[in-house]
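In: Sharing a model that was predicted from the sequence below.
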Amino acid sequence: MTTSRWQRAPQVVHRGTLDGLLLRPPDGEVALLSPSAAALWDVLASPHSVDEAAEVLAARTGASDAEIRADLEALVADLAGRGLLESAS
């Protein structure tokens, strides 16, 4: 079980596009998230652990949270490493 909680970094500007979601941190490169990755961004408007986010996304998509969890762990690590997410706990 993953207990760290994550949330959007407040200084990141985001805008939806037809292809997904554009994110722009103040001092970093623009990132384009796919629609499925953008769904995580939506969930992380409030703090969630990877496990909690997987449960929410599983309920939305009908996939199992176990199927989603591994992808979310990698995505959260990537976004946090680029300063787009921050630890909430």
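Out: Nice, I can see it.
In: Name the single longest helix found in the protein.
Out: Using DSSP state H, we find that the single longest helix of the chain is helix 65-81.
In: Skip ahead from it and say which helix or strand is next.
Out: Tracing the chain past helix 65-81, the next element assigned as helix or strand by DSSP states H and E is strand 85-87.
In: Return the mean pLDDT over that next one, rounded to an integer.
Out: The average pLDDT within strand 85-87 is 95.
In: Over the longest helix of the chain, what's the mean pLDDT, rounded is fine.
Out: Computed over helix 65-81, the average pLDDT equals 93.
In: and that helix, what does it pack onto?
Out: helix 35-43, helix 50-61, strand 85-87 (3 or more Cβ pairs under 8 Å, 6 or more residues apart in numbering; DSSP states H and E). (Each C-beta comes from the backbone N, C-alpha and C, glycine too.)
In: So which bits of that helix are buried?
Out: Asp65, Ile68, Arg69, Leu72, Leu75, Val76, Leu79 (16 or more other Cβ atoms under 10 Å).
In: For the residue of the chain positioned farthest from its centre, give its distance to Ala38.
Out: Most distant residue from the mean C-alpha position of the chain: Asp27, 19.2 Å away (Cα atoms, centre = their mean). From Asp27 over to Ala38 the distance is 22 Å, taken as Cβ to Cβ, to the nearest Å.
In: now swap in Arg8 and tell me
Out: Distance from Arg8 to Ala38, counting by Cβ to Cβ: 12 Å.
In: what about Ala37, neighbour count?
Out: For Ala37, the neighbour count with other Cβ atoms under 10 Å is 18.
In: what do you get for Ala31?
Out: 18.
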